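*Asks:* Sharing a model that was predicted from the sequence below.
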Amino acid sequence: MKIGKIIQSLSGFYDVISDGKIYRTRARGNFRKRNIKPLVGDLIEFKSTNSNDGYVLKVLKRRNQLLRPLISNVDQAIVVTSVKQPDFSFNLLDRQLIALAIQHIQPIIYFTKTDLINDDQFHKIKLVADYYLSIGYIVILSRESFMDSNLKRLKDNFKNKEVTVMGQTGAGKSTLLNHIMPDLNLKTGVISKSLHRGKHTTRRVALLNINNGLVADTPGFSSYEALNIDYRHLKDYFPEFVNNENKCRFRECLHVKEPHCAIKSMVDNGEIMKSRYDDYIQLFEGLKNQKPIYNKKK
Ligand SMILES: Nc1nc2c(ncn2[C@@H]2O[C@H](COP(=O)(O)OP(=O)(O)OP(=O)(O)O)[C@@H](O)[C@H]2O)c(=O)[nH]1
Ligand SMILES: [Zn+2]
């Protein structure tokens, strides 16, 4: 019996790395019946049948799991955020940050396509970046998307970690990884100018060995709906709310309709970015009205 990590899943096969060697494994019948689908990122127990093949015996307990991208046991996520083509979206960024916080995954916000905007537009994005920085996120923004020092900063950080890139279709995830490690030669897409839509060039999640870390290139998305928490806890995933909620009159203030809410005052006086609060309210209402998701009995 060996222990390894799934780095890729391909039509029923799971490629597993164990002691620097790659095995192609599959899940056997009695394993599948247990209704656990192995994911990229999973640590598994497997039995090797010969030097290259084997079958999955058990998926070890996951530290965390994302739905988008579908991956487990992630230490850090690079949230690839384009400022144009596709346009920057506060809402999409906030949704990803919350999904990561729920799973205890550290985000790095990496802005791309800054070469496609003018100085005025860059200045506006800079203010946005500075805000996220001020509330505690790691943010990488430069006038030139793939500055060597930024690439080095990411690369140095990969060591002994499992890192995933994530972000909108066409945001530049594969392009970023190609810049970090040109040998990868990952396929990148051409954005259709009329639709401003990417072509989904990356179709599946795969972990790549970069600088002694495992880094996942992942398929992009155009919307992000992967929250499944109690609406009363949503506020805990906004660091600037958490840092100021002791100033609210009510200890259990949800910062929605309560009087003397410090968060609402801070939005009014510009200390908290309005888009953050708007996203909070939108997500809050969505979660509150969502029917609880029960696991269907078979
Ligand atoms: N001008 C410019 N183009 C970029 C930049 N980053 C990526 N691109 C282009 O944007 C297109 C999409 O890039 P990809 O790297 O394929 O995007 P992706 O996020 O991997 O896309 P999916 O795999 O579909 O999710 C390609 O044509 C890239 O060359 C950038 O910083 N500036
Ligand atoms: Zn409040």
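*Replies:* Arrived safely. Predicted model, so just to flag it, every value in this text is computed and none were measured. Ligands and ions are numbered 1, 2, ... in the order given.
*Asks:* those helices in this structure, which residues are they?
*Replies:* Applying DSSP state H to the chain gives helices spanning 29-33, 90-102, 119-134, 148-157, 173-180, 239-242, 262-268, 274-289.
*Asks:* of the ones you listed, which approaches ligand 2 most closely?
*Replies:* Closest of those to ligand 2 is helix 262-268, at 4.4 Å (criterion: Cβ to the ion). Where C-beta positions appear, they are placed from N, C-alpha and C, glycine not excepted.
*Asks:* got the CA positions of that closest one in CSV?
*Replies:* This file holds the C-alpha atoms of helix 262-268, laid out as CSV (Å, rounded to 0.1, in the frame of the first residue of the first chain):
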residue,chain,number,x,y,z
ALA,A,262,-20.7,51.0,12.7
ILE,A,263,-20.2,49.2,9.4
LYS,A,264,-23.0,51.1,7.7
SER,A,265,-21.6,54.4,9.0
MET,A,266,-18.2,53.5,7.6
VAL,A,267,-19.8,52.7,4.3
ASP,A,268,-21.5,56.1,4.4
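*Asks:* Got the domain ranges for this protein?
*Replies:* Domain ranges of the chain: 2-59, 65-217, 231-289, per automatic domain parsing.
*Asks:* can you count the residues close to the residue in the stretch 1-150 of the chain that ligand 1 sits nearest to?
*Replies:* Closest to ligand 1 within the stretch 1-150 of the chain is residue 145: 3.2 Å, counting by Cβ to the nearest ligand atom. Residue 145: 22 surrounding residues under other Cβ atoms under 10 Å.
*Asks:* Which residues are in contact with it?
*Replies:* Listed by Cβ atoms under 8 Å, 6 or more residues apart in numbering, the contact set of residue 145 reads 111-115, 172.
*Asks:* Swap in 7 Å and give it another go.
*Replies:* Contacts for residue 145 were tallied using Cβ atoms under 7 Å, 6 or more residues apart in numbering; they are 112-115.
*Asks:* outside of the top strand by length along the chain, which residues touch it?
*Replies:* Using DSSP state E, we find that the single longest strand of the chain is strand 2-10. Contacts with strand 2-10, where a contact means Cβ under 7 Å, 6+ apart, come from 14-18, 23, 38-46, 48, 206-207, 214.
*Asks:* number of nearby residues for residue 258?
*Replies:* Neighbour tally, residue 258, other Cβ under 10 Å: 14.
*Asks:* for the closest residue to it other than its chain neighbours, phi and psi?
*Replies:* Excluding its sequence neighbours, the residue lying closest to residue 258 (Cβ to Cβ, 6 or more residues apart in numbering) is residue 250, at 5.4 Å. Torsion angles at residue 250 (phi, psi; degrees, to the nearest 10) stand at phi -100, psi 130.
*Asks:* Report pLDDT for residue 200.
*Replies:* If you check residue 200, the pLDDT there is 58.
*Asks:* try residue 297
*Replies:* For residue 297, the predicted pLDDT is 44.
*Asks:* What distance do you get for the residue nearest to residue 164 when sequence neighbours are not counted to ligand 2?
*Replies:* In this structure, residue 164 finds its nearest non-sequential neighbour in residue 216, 4.1 Å apart by Cβ to Cβ, 6+ apart. Using Cβ to the ion, to the nearest Å, residue 216 is found at 37 Å from ligand 2.
*Asks:* State the number of residues packed around residue 216.
*Replies:* By the measure other Cβ under 10 Å, the count of residues near residue 216 is 27.
*Asks:* Identify the residues contacting it.
*Replies:* Contact analysis of residue 216 by Cβ under 7 Å, 6+ apart lists 40, 69, 71, 164-165, 205-207.
*Asks:* Looking at the contacts of residue 145, which are in strands?
*Replies:* Within the contacts of residue 145, residues falling in strands by DSSP E are residue 112.
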